[in-house]
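**Student:** Mind folding the following:
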Amino acid sequence: MSGPVSSGEQADEDRTRAENLAYFQRVEQMLNDQELLEDDEQRDVFVQNVLAEVEGSEVRSCCDMVCSRVLERLIQVASAEHVRHFFRRVIPMLEKLLGNRYASHVVQTLVVRAAAIVEVTDVPDMAILGADEELPEDISAITLVHCVCHEFQQYLPDYISSTYGSHVLRATIAALAGLAETSSTRSKASRNFRKSQAEKQQQLRASDGGGHGSRKALTRSEVPSSFVDMLQSLTRKVMGNDPQLQTWLVHPTAAAVVQTLLDALHTRCTEACAQLCEAIAKPHDAVTSGSAAAGNAWFGSLMNHKIGSHVVEKVLQVCSQQMHHTIYTAHFRGKMKDLSLDSFANFIVARLIETAHTPEEVNLMVDELYEILETILAANHPGVIIKLVDACAKHQTRQQKMFKGLLQAFHAEKPDDIKLCGHMFVSMTTCDNLARLVREHTGDAPTDGDGDGDNAADTSGGDIALTSNTVPMVYDQHGARLVQALLRFSGTEVVRLTSSLLSLDGDVFVKMARHAVGSHVLEGLLSCDISVKKKTKLLNKFKGSFSSLAMDKFGSHVVDRCWSQADIKTKEWVAAEFLDNEEELQNNFHGRLILRNCKIDYFKRKREDWVQQERGNERKRKVFDEFYSNGGGSSKGTAKTPRKNADEEVAKPTRAVDKDVAALGFGAHETLDDGAGSAVEDTLDETLLTKAAEIDDLFDKKKRKKLRKSEASGTSPSRTRKDTGSTAKAAAAELSVKKSKKMKKKKKEALSEIFAAVEATKKSKKKKSKKSKK
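**Tutor:** Residues are numbered from 1 along each chain as shown. As a prediction, the model looks like this:
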């Protein structure tokens with residue numbers, strides 16, 4: 001019978017632990033030495049010595065709070081060989097380490113690093129998995145990762161609900177899919193530690209090269225096929241436990257694993273992702289019984305659950321368009337009013353609106369929620385409203401109705417009240433409350449009964465000047481997001497909103513630019529589709545304050561956006577203001593960036609050249625804007641056209657060429673009659689020749705510009721001999737005409753060859769079809 005541990009043995013154990021702790025503290029100090037980490041040879045020797053010191057005491061070191069954190073940092077800078085060597089020693093003790101609070105983070109770091117050094121062509125040695133024999137010295141990194149996955153497969157119900165093992169499982173699933181490790185795969189304690197070590201970790205990531213340094217932070221474009229097979233195997237394991245799956249979907253840790261698995265499958269295996277989404281939306285017992293009511297009841301309870309609602313959100317993000325529509329019609333249509341007011345389900349409604357695929361779905365959602373917009377805001381669920389406005393802007397539908405509903409929700413139905421909509425939306429304050437704030441700020445407090453009804457609404461009319469001298473601007477984060485979404489509208493809605501915002505004083509705008517939330521509103525206002533006159537009016541409100549804003553953390557972003565939207569005349573006086581305060585701006589971090597972006601040094605040395613360069617940039621921007629506005633693309637700075645008209649404009653020319661494009665082997669949207677070939681040829685001929693003429697005209701303008709420069713510099717004889725100059729101009733014009741004719745001729749020949757090839761292709765296809773019929 002063994003007695004209690006003697007005091008001498010306890011003292012020896014405490015002394016060993018203290019020595020081990022002191023050693024790892026010295027190791028951590030060495031890891032902070034950037035010179036050591038930059039030298040590959042010294043770093044390798046250092047890592048090898050530390051791992052040799054730890055050999056035989058891996059469990060004790062990994063299970064210690066301080067030692068485990070040092071080991072994490074050491075693994076991140078270790079070479080691929082050292083990672084494999086240490087990982088091999090840890091594999092036999094996985095069961096004990098995965099259940100420990102500190103050791104589980106070491107295993108997670110090893111899995112992420114090992115997956116990062118695996119090549120796409122690597123193949124695991126499957127015979128090693130599950131064997132009781134000792135792992136070979138030359139074991140590959142991909143085999144080590146599969147050893148961990150094999151452990152999870154065997155004891156999935158235990159690890160998926162484990163507090164410490166579940167986050168390693170999430171990291172392993174993300175690594176198999178090649179996804180970047182995010183904060184969602186880290187526990188709160190680990191995230192806090194990493195946040196405190198942010199600067200050190202940033203230095204370590206900079207040294208990632210040649211197989212060294214920290215783990216890869218970016219998503220991999222390709223992963224080994226065995227990783228995808230393992231993901232599918234884990235998915236089948238999860239789906240095979242259907243009664244347990246329903247429990248896992250509402251479990252704090254298991255639900256997070258399922259969400260990570262959905263993300264991974266959405267990236268690497270869409271078919272398995274669809275199967276898992278189907279299993280979540282319709283459990284096995286509902287499928288076998290054929291009861292739709294049972295499936296609807298299950299999914300409805302999941303939406304109203306504190307944890308299950310997050311799983312439903314993820315399903316809406318990764319499911320296909322067809323399944324998204326099925327879920328909407330089965331579980332949301334006609335129920336969105338109640339769900340929008342639920343404390344958990346309102347987030348699902350916001351996600352559903354965000355992931356809507358068609359304008360028709362958005363129309364149905366707006367029509368259903370239009371009557372309760374004020375109730376949703378009163379329930380403090382502004383995310384639903386913001387996503388609804390975003391969807392209207394994205395799909396270019398129901399904008400007028402949505403804006404009208406917001407005005408009603410904010411009690412701004414009178415024309416004078418609508419002028420204040422910008423202030424109301426930013427501060428998320430109704431018109432009545434805004435009027436009350438104005439009276440309180442100005443000292444004109446109403447008596448009892450004066451603050452209600454029509455009197456309050458009348459006081460909030462146009463006679464109230466909302467400036468910094470009357471009532472302070474209150475910024476709400478949700479209000480700023482709402483205004484940014486509304487500024488993407490088109491038509492009279494955005495005109496009303498911008499006019500309301502531009503009516504504020506310049507002092508209000510300067511304070512707004514310095515505010516963390518207000519600065520985003522200004523950036524959205526500068527980027528929206530408004531006239532140049534309004535943008536110039538807005539920029540003039542910052543006159544005399546650009547230098548101070550350039551030195552502000554948030555104001556500098558507004559200055560950058562102002563610069564990108566300003567014309568050359570505005571840029572000149574803004575640059576002159578920066579030049580007057582150049583020394584002060586140079587001594588400020590944000591100011592130096594503004595000076596560099598605006599090229600103030602070049603403006604100081606060669607002002608005329610700077611002006612010419614900025615004018616050239618402005619011309620390029622206008623050319624691109626014209627190109628996009630004519631159907632070449634979409635641009636933020638161009639006017640938005642209605643969806644229907646845009647579709648019609650694009651459809652007309654494409655239908656004319658679809659048949660000939662299909663004959664060349666490309667996909668066509670619809671077929672035309674054979675008699676339309678000549679019309680198509682004429683259309684293409686005319687279009688290409690027009691474009692060629694425009695290019696020739698452009699080059700002729702450049703030639704004339706060069707000729708004028710030579711005449712102005714005195715090198716041309718035209719100053720002394722006018723006849724010779726006129727002769728030279730005539731010769732140059734004649735030469736350009738000849739070149740233009742040659743180009744047109746070449747283009748006609750090229751077009752004839754193209755259409756000959758088209759006709760030959762048509763004939764060959766007809767012959768093939770006749771032979772096939774025979």
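**Student:** Count residues in the vicinity of the nearest residue to Val517 once chain neighbours are set aside, would you?
**Tutor:** The shortest distance from Val517 to any non-neighbouring residue, by CB to CB, 6 or more residues apart in numbering, is to Tyr475 (4.2 Å). C-beta: built from backbone N, CA, C; applies to glycine. Using other CB atoms under 10 Å, Tyr475 has 19 neighbouring residues.
**Student:** From Arg514, how far off is Tyr475?
**Tutor:** Counting by CB to CB, to the nearest Å, the gap from Tyr475 to Arg514 is 11 Å.
**Student:** Okay, strands next: where are they in the stretch 301-450 of the chain?
**Tutor:** Counting by DSSP state E, counting those that start in this stretch, one finds no strands in the stretch 301-450 of the chain.
**Student:** just for it, where's the confidence low?
**Tutor:** For the stretch 301-450 of the chain, the stretches flagged by pLDDT under 70 are 441-450.
**Student:** What ranges does it have for its helices?
**Tutor:** Under the criterion DSSP state H, counting those that start in this stretch, the stretch 301-450 of the chain contains helices at 308-318, 321-327, 336-341, 345-354, 359-369, 373-378, 382-395, 399-409, 415-418, 421-427, 431-442.
**Student:** if we can go back for a sec, looks like the residue nearest to Val517 contacts Gly518 (just checking).
**Tutor:** Yes. Judged on CB atoms under 8 Å, Tyr475 makes contact with Gly518 at a distance of 4.8 Å.
**Student:** between the two, what contacts are shared?
**Tutor:** Taking CB atoms under 8 Å, 6 or more residues apart in numbering as the criterion, Tyr475 and Gly518 both touch Val426, Met512.
**Student:** looking at the chain, which helix or strand is least sure?
**Tutor:** helix 643-663 (a mean of 38; mean pLDDT, DSSP states H and E).
**Student:** What's the local residue count around Gly544?
**Tutor:** Based on other CB under 10 Å, the number of other residues close to Gly544 is 10.
**Student:** ok, now which ones touch it?
**Tutor:** Glu577.
**Student:** Now do it against Glu577, distance only.
**Tutor:** Distance from Gly544 to Glu577, by CB to CB: 7 Å.
**Student:** Same question for Ser79.
**Tutor:** Applying CB to CB to Ser79 and Glu577 gives a distance of 54 Å.
**Student:** Isn't Ile117 up against Val83?
**Tutor:** Yes. Using CB under 8 Å as the test, Ile117 is close enough to Val83 to be in contact (6.7 Å).
**Student:** Looking at those two, which one has more neighbours?
**Tutor:** Neighbour comparison, Ile117 and Val83: the larger count goes to Val83, with 23 against 18 (by other CB under 10 Å).
**Student:** what is in contact with Ile117 and Val83 at once?
**Tutor:** Jointly contacting Ile117 and Val83 under the rule CB under 8 Å, 6+ apart are Ala141.
**Student:** Where does pLDDT dip in this structure?
**Tutor:** In the chain (pLDDT under 70), the answer is 1-14, 130-132, 181-219, 283-295, 441-471, 625-758, 760-774.
**Student:** what's the nearest residue to Val223 if we skip its chain neighbours?
**Tutor:** Nearest residue to Val223 in three dimensions, chain neighbours excluded: Gly178, at 4.4 Å (CB to CB, 6+ apart).
**Student:** Need the phi and psi values for the one you found.
**Tutor:** Main-chain torsions, Gly178, degrees, to the nearest 10: phi 80, psi 20.
**Student:** Distance of it relative to Val120?
**Tutor:** Using CB to CB, we find Gly178 at a distance of 10 Å from Val120.
**Student:** Neighbour count for those two, which is higher?
**Tutor:** Gly178 (23 against 12).
**Student:** and the more buried one, what does it touch?
**Tutor:** Contacts for Gly178 (CB under 8 Å, 6+ apart) come out as Ala115, Thr219, Arg220, Ser221, Glu222, Val223, Phe227, Thr267, Arg268.
**Student:** which one of the residues you listed has the most neighbours?
**Tutor:** Top of the contacts of Gly178 by neighbour count (other CB under 10 Å): Ala115, with 27 neighbours.
**Student:** Quick check: closest non-adjacent residue to that residue.
**Tutor:** Nearest to Ala115 is Ala175, by CB to CB, 6+ apart, at 3.7 Å.
**Student:** element containing that neighbour, please.
**Tutor:** helix 165-177 (DSSP states H and E).
**Student:** can you map out the helices along the stretch 101-250 of the chain?
**Tutor:** With DSSP H, counting those that start in this stretch as the criterion, the stretch 101-250 of the chain has helices at 103-116, 141-154, 156-160, 165-177, 188-196, 198-206, 225-240, 242-248.
**Student:** Could you report the neighbour count for the residue nearest to Val59 when sequence neighbours are not counted?
**Tutor:** In space, and not counting its chain neighbours, Val59 is closest to Met93: 5.7 Å by CB to CB, 6+ apart. Using other CB under 10 Å, Met93 has 15 neighbouring residues.
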